[in-house]
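Enquirer: coords please:
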Amino acid sequence: MRVKTVTIAIASVLLLLAFSACQQGAKTAGTTDDRVRASYSRADLERFVDRYMDAMLDQNVDPALFAKNVRFTENGVELPLGKEGLWSNMVGKGTYKFYVPDVEINQVAFLGTAREESDTKKDGDPVAVALRLKIVNGLIAEAEQLVLRGDGGLGGGGAMTVAAGVESGGAPHPIFFEIIPEAERPSREELIAVANKYFTGMQQNDGKGEYPFTDDCERIEDGMQTTNVPLPPGQTMPDPKASTSYSASWGCREQFESGLLHFVTRIRDRRFVAVDREYGLVFAFGYFDHAAGKTRHFKTPDGRDVISGPISPWTWQIAEIFRIENNLIRRIEAFSHRSPYGMNSGWSTFEKGWSDEIQIVK
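Expert: Next comes the predicted model:
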């Protein structure tokens, strides 16, 4: 009986020691590995982007950074992570960085630049990168990126690539980083609803929609200013009631009210992937279809018949950041990648990929 009692006592002590060791191990893991954390700060999420870019440069799919079943797409195509797409030929990091961390859902979006292998430049050719990372249990579980090379942006290549144009601006406009007073911050759903009105207004193109722009709204696309562009000396401002295409010299609201954005026939797969309520920022991916054909024939808000737009169908794959103040859009920055007509993101079903409904990606 005594032997049995001693045996039970020894077993109990061993069990307590094992439990204590497990607890200590968990505490140690918590101090050295953030996988046990439920949420991350803005700085934490931004560091995931930096670590991702370093990993891509080194072609290092480190299990301490990436989930075992991590999913990766580049320009809408799912690829094995590690040696495909920009992972295969990145030779350096760029100078432009615009982070949109969403601390509520452990997701971070990013517009930036990098360098890829070049035949002519020692330091590589600049490319623009739009990125979304989803963090689960301290590891990158999803990586979605657009890569804009010399042939892919609004400028269509030419003397300056998209990335070179983006970097020439130096940094995102300071307005993007003015803190919104806490009492004035809308919910993430309300911010997304405002941003979505931009897409809906452009798609409807009737000049009569709800266009939530501030009077000083500006838009930058692929590093180029596309609103309120100063006119050359001696040139007069185009009249929206006489023009057949919109002018980059008009303001945001004037462009939409002109009804001359008809060349964008559909804006679909509207995936809102990050919201930064502290700065009033919304980051979205989407597709701007140009259907061509009969869609080139339309009536302006004042009744004129106009024929305008691309003569063959193709699609912009876009990444867009909106700065929203008092439920109005004040700044827009976008990257656009030309892709085959009807391209899908690789993250939506066929039905959702063709829908113009809001998709909130968490």
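
Enquirer: all strands for the stretch 1-150 of the chain, in order.
Expert: Using DSSP state E, counting those that start in this stretch, the strands of the stretch 1-150 of the chain run over residues 66-74, 77-78, 90-102, 107-116, 125-136, 139-148.

Enquirer: for the stretch 151-300 of the chain, same thing?
Expert: Secondary structure of the stretch 151-300 of the chain by DSSP E, counting those that start in this stretch: the strands cover 213-221, 224-225, 266-276, 281-290, 297-299.

Enquirer: could I get these in a markdown table, plus columns for mean neighbour count, mean pLDDT and distance to residue 320?
Expert: C-beta here means a position set from N, CA and C on the backbone, and glycine is covered the same way. Output for the strands of the stretch 151-300 of the chain, formatted as a markdown table (neighbours: other C-beta atoms under 10 Å; pLDDT from 0 to 100; distance: least, C-beta to C-beta, whole Å):
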| stretch | mean neighbour count | mean pLDDT | distance to residue 320 |
| --- | --- | --- | --- |
| strand 213-221 | 18 | 97 | 9 |
| strand 224-225 | 16 | 96 | 14 |
| strand 266-276 | 24 | 98 | 10 |
| strand 281-290 | 25 | 98 | 5 |
| strand 297-299 | 14 | 92 | 24 |
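
Enquirer: what's around residue 103, how many residues?
Expert: Residue 103 is flanked by 18 other residues according to other C-beta atoms under 10 Å.

Enquirer: who touches the residue positioned nearest the centre of the chain in this structure?
Expert: The geometric centre of the chain, computed from its C-alpha atoms, lies nearest to residue 319 (C-alpha atoms, centre = their mean), at 4.2 Å. Contacts were defined as C-beta atoms under 8 Å, 6 or more residues apart in numbering; by that measure residue 319 touches 109, 111, 130, 146, 283-285, 334-336.

Enquirer: about what we covered before: tell me which of the strands of the stretch 151-300 of the chain sits nearest to residue 62.
Expert: Closest approach to residue 62 among the strands of the stretch 151-300 of the chain is made by strand 266-276 (23.5 Å; C-beta to C-beta).

Enquirer: mind giving me the packing neighbours of that closest one?
Expert: Counting contacts by 3 or more C-beta pairs under 8 Å, 6 or more residues apart in numbering; DSSP states H and E, strand 266-276 packs against strand 90-102, strand 107-116, helix 188-204, strand 281-290, helix 350-353, strand 358-360.

Enquirer: what separates residue 118 from residue 86, distance-wise?
Expert: 13 Å (C-beta to C-beta, to the nearest Å).

Enquirer: more neighbours, those two?
Expert: Comparing residue 118 with residue 86 by other C-beta under 10 Å, the one with more neighbours is residue 86, at 21 against 13.

Enquirer: would you turn the strands of the stretch 1-150 of the chain into JSON lines with mean neighbour count, mean pLDDT and distance to residue 240?
Expert: Converted to JSON lines, those look like this (neighbours: other C-beta under 10 Å; pLDDT from 0 to 100; distance: least, C-beta to C-beta, whole Å):
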{"stretch": "strand 66-74", "mean neighbour count": "16", "mean pLDDT": "98", "distance to residue 240": "39"}
{"stretch": "strand 77-78", "mean neighbour count": "14", "mean pLDDT": "98", "distance to residue 240": "39"}
{"stretch": "strand 90-102", "mean neighbour count": "20", "mean pLDDT": "97", "distance to residue 240": "31"}
{"stretch": "strand 107-116", "mean neighbour count": "24", "mean pLDDT": "98", "distance to residue 240": "30"}
{"stretch": "strand 125-136", "mean neighbour count": "23", "mean pLDDT": "97", "distance to residue 240": "31"}
{"stretch": "strand 139-148", "mean neighbour count": "22", "mean pLDDT": "98", "distance to residue 240": "30"}
